[in-house]
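# Sharing a model that was predicted from the sequence below.
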Amino acid sequence: MAASSVEEDKYRPFLRQDIEENTKWRYGPPSYEAVNKLFEEGRTKVWAPGSLEERVQTIVKQWEMEMFHKLDFLENRSVDPEKYTFSLNGRKSINLEEKRKLGGGYIPLLQTSLPEKLRPYNPYAETADSSHKAFTTAFPRGFALEILHVYSGPPEIVYKFRHWGYMEGPFKGHAPTGDKIELYGMAIFTVS
């Protein structure tokens, strides 16, 4: 689906009508109004404009938007589609095509070696659409992301992040609780 109207976003600089005019979107142009409000109300860090931390946060938010919402990975601006690889918790690196074959969206981020009976969420039983529906239903305001610390600068950037949202909708047979669901992690990316 081509972009009909793209809302400009202060945290995702490439999300602009003039840049994304012909983008093929999975679910139509995304709106980040609700999750940006959640981010601004709940963040613990406010980085100086132009600082390494602020730039890393912008890159990660842009990357996340592209991975979840764009149908054609050749339209990504945050990564070089020819060089991009992804690895989770020391697993074998995969390229964008292999990531798409896994199902895209949340599925590559939630791979697990836990026995099936212990999985609260089974990424192997999901599609990009079913996982998107499950998470956007459970977290209607979105799942905000902030960078907490950048440990090393370019070209290899190592950072700690926080991801959070409120379970205000049902999730896989579990009733909404309104509880804050929060996770912390670390990631590495290399820039050219």
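Yes, it's here. Residues are numbered from 1 along each chain as shown.
# residues in contact with the top helix by length along the chain?
Ordering each helix of the chain by length in residues (DSSP state H) puts helix 52-69 first. Helix 52-69 has contacts (C-beta atoms under 8 Å, 6 or more residues apart in numbering) with 11-15, 25-27, 29-30, 32, 45, 47-48, 73, 75-79, 99, 104-106, 132, 145-147, 149-150, 153, 157, 159, 161, 187, 189, 191. Where C-beta positions appear, they are placed from N, C-alpha and C, glycine not excepted.
# which among the residues you listed end up buried?
When the contacts of helix 52-69 are checked for burial by 16 or more other C-beta atoms under 10 Å, the buried set is 11-12, 14-15, 25-26, 29-30, 32, 47, 73, 75-79, 99, 104-106, 132, 145-147, 150, 157, 159, 161, 189.
# what secondary structure does K83 sit in?
With DSSP: H, G, I helix; E, B strand; the rest coil as the basis, K83 sits in coil.
# Now for it, how many residues are close by?
For K83, the count of nearby residues is 10 (other C-beta atoms under 10 Å).
# show me the contacts for it.
Neighbouring residues of K83 by C-beta under 8 Å, 6+ apart: S192.
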